[in-house]
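In: From the sequence below, what's the structure:
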Amino acid sequence: MADVFEVLHADHEDVKGMLTVLEESADHTDVSDAVQGARKDVAQLLVIESSRHEAAEEQYFWPVVRDRLTNGNELADEAIGQETEAKQVLDRLDKLDSRDAEFDGLLAKFIPAARQHIQFEETRVWPSLRQALSPAAALELGEKLQKAEEKGPTRPHPRTPPSPGVLKTAGLAVAAVDRLRDLIGGRGRSA
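Out: This is a model prediction of the structure:
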């Protein structure tokens, strides 16, 4: 069983890997359809995994940060603001073909912001939270995050309030609809 920091670290490493692939394959509009298809697949996987990750954080991680850290409200508000902006970009990116000029433009905006967000969490939030949580509490939170990610949405929903209560109730229905849409459309299968 992984604690909260191990779960989030693994998620962050996956995202950073996808960001690198997308960044290194940018500006290659003359490449084959197979390469362009692979870029779209990686972008879709980025959208899927980021959507699950952010929803889980909004349900469980940020409420704990608010509750356990003296500056928790400030940290959570800043992070959720970053995540809300990311959802808007990912929502648009998910609808584009990789050959679309806007595709690379959105990635050029998203990639540095995503890296900055990861650094914010790991350097400004985690150190204080490590001290505030017992090992048992860190394990429990890690388990909650993993379960929430498994059942989470596979698409960004920038208009959904980042409220734990909303995400724990309506979020489940939205996630089920996302998975049904994915199944019908074949989204995420090749990624």
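In: tell me which residues of the helix or strand where Ala114 lies are tucked away?
Out: Ala114 belongs to helix 101-120 when assigned by DSSP states H and E. For helix 101-120, a neighbour-count test (16 or more other CB atoms under 10 Å) marks Phe103, Asp104, Leu106, Leu107, Phe110, Ile111, Ala114, Arg115, His117, Ile118 as buried. Bear in mind the C-beta positions are built from the backbone N, C-alpha and C, glycine included.
In: Now Glu85. Nearest residue, chain neighbours left out?
Out: Distances taken as CB to CB, 6 or more residues apart in numbering place Ala113 nearest to Glu85, at 6.9 Å, with adjacent residues excluded.
In: what's the answer for Glu6, then?
Out: Gly142 (6.4 Å).
In: quick one: contacts for the one you found?
Out: Met1, Ala2, Asp3, Val4, Phe5, Glu6, Val7 (CB atoms under 8 Å, 6 or more residues apart in numbering).
In: Who are the packing partners of the strand or helix carrying the fifth one?
Out: So the one you mean is Phe5. Using DSSP H and E, Phe5 sits within helix 4-24. If you count contacts as 3 or more CB pairs under 8 Å, 6 or more residues apart in numbering; DSSP states H and E, helix 4-24 packs onto helix 33-56, helix 101-120, helix 126-132, helix 135-151.
In: List the contacts of it.
Out: Outside helix 4-24, the residues within contact range by CB under 8 Å, 6+ apart are 2, 39, 42-43, 45-46, 49-50, 53, 57, 61, 107, 111, 114-115, 118, 121-122, 126, 129-130, 133, 138-139, 141-142, 145-146, 149.
In: One more: stretch 70-86?
Out: Residues from elsewhere that reach stretch 70-86, judged by CB under 8 Å, 6+ apart: 50, 54, 57-58, 62-63, 65-66, 69, 110, 113-114, 116-117, 120-121, 124-125, 128, 156, 158, 162.
In: Repeat that for stretch 95-102.
Out: Here stretch 95-102 has contacts from Thr29, Gln36, Gly37, Arg39, Lys40, Ala43, Arg92, Phe103, Leu106, using CB under 8 Å, 6+ apart.
In: pretty sure the fourth one contacts Ser25?
Out: Read it as Arg39. Yes: assessed by CB atoms under 8 Å, Arg39 is found in contact with Ser25 at 5.4 Å.
In: residue contacts, the residue nearest the centre of the chain?
Out: The residue lying closest to the centre of the chain (CA atoms, centre = their mean) is Ser50, at 2.1 Å. By CB under 8 Å, 6+ apart, the contact set of Ser50 is Val15, Ala86, Leu90, Ala114, Pro156.
In: any idea how far it lies from Ala56?
Out: For Ser50, the distance to Ala56 equals 11 Å [CB to CB, to the nearest Å].
In: And Arg124, how far from Glu74?
Out: 10 Å.
In: among the helices and strands of the protein, which one scores worst on average pLDDT?
Out: helix 164-185 (a mean of 57; mean pLDDT, DSSP states H and E).
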